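Enquirer: I'll drop the sequence and a predicted model, then ask my questions.
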Amino acid sequence: REFYHLSTFFDDGGADTISHNLGAPATVTILQSNSASLGYDYLVSETSGGTDVTGHRVTASVARQLSTVASVGLTGSFARRDQSDQPAGAPGGYDLWSLSLFNVYTIPGRWSLSGSLGYSELDPDNRSGTGGFSTQSTFTYFFARATASLSVDQGFSETFTGGQDFGVVQTRGVTGTLTYPFTPA
């Protein structure tokens, strides 16, 4: 499934950020209970009066289905980003990579639990890198027609891909959602 994501953030009297992300993943099943995925995407992010970011990202994962309700796997990604309009002495780009173990446990129509645990590192040009523990866990409960989810995550976030441009920041977050379809459409 190829994709194109457009993200915009407009700030009255401040900087506007427009990001374009184009990519394609591919997945193949091996011996019925294993799968391997490979993905690629290209990012262009422009911030008025700020930094423009371009770059490539490659993702890969392998998974094994343990039973009809559980699977485990290993996933990783590597991104090379180049930055323009940087102040003198600032890095002209960076590498961002991660490696995680993940699991998914699902009782169809009732609930689902997914989680990952790994390590991520940010390596700016001309500076020493910084790394740390990364995780993402999501619990989803399915009501008759509604769906409730609670997610907890920690790791690096490229803020220019989904909102105001604060660069790459290390984040911790909790997100809760409740979805209810009022009509079938």
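Expert: Arrived safely, thanks for sending.
Enquirer: Against residue 136, how distant is the most centrally placed residue in the chain?
Expert: Compute the mean C-alpha point of the chain, and by CA atoms, centre = their mean the closest residue is residue 157, 7.9 Å away. As judged by CB to CB, to the nearest Å, residue 157 and residue 136 stand 11 Å apart. C-betas here are computed from N, CA, C, even on glycine.
Enquirer: Can you name the residues that contact the residue nearest to residue 180 when sequence neighbours are not counted?
Expert: Distance criterion CB to CB, 6 or more residues apart in numbering; nearest residue to residue 180, sequence neighbours excluded, is residue 146 at 4.4 Å. Applying CB atoms under 8 Å, 6 or more residues apart in numbering, we find residue 146 in contact with 178, 179, 180.
Enquirer: Save those residues as JSON lines, and put in secondary structure, neighbour count and pLDDT too.
Expert: Compiled in JSON lines, the contacts of residue 146 are given as follows (DSSP: H, G, I helix; E, B strand; the rest coil; neighbours: other CB atoms under 10 Å; pLDDT from 0 to 100):
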{"residue": "178", "secondary structure": "strand", "neighbour count": "10", "pLDDT": "94"}
{"residue": "179", "secondary structure": "strand", "neighbour count": "11", "pLDDT": "93"}
{"residue": "180", "secondary structure": "coil", "neighbour count": "10", "pLDDT": "92"}
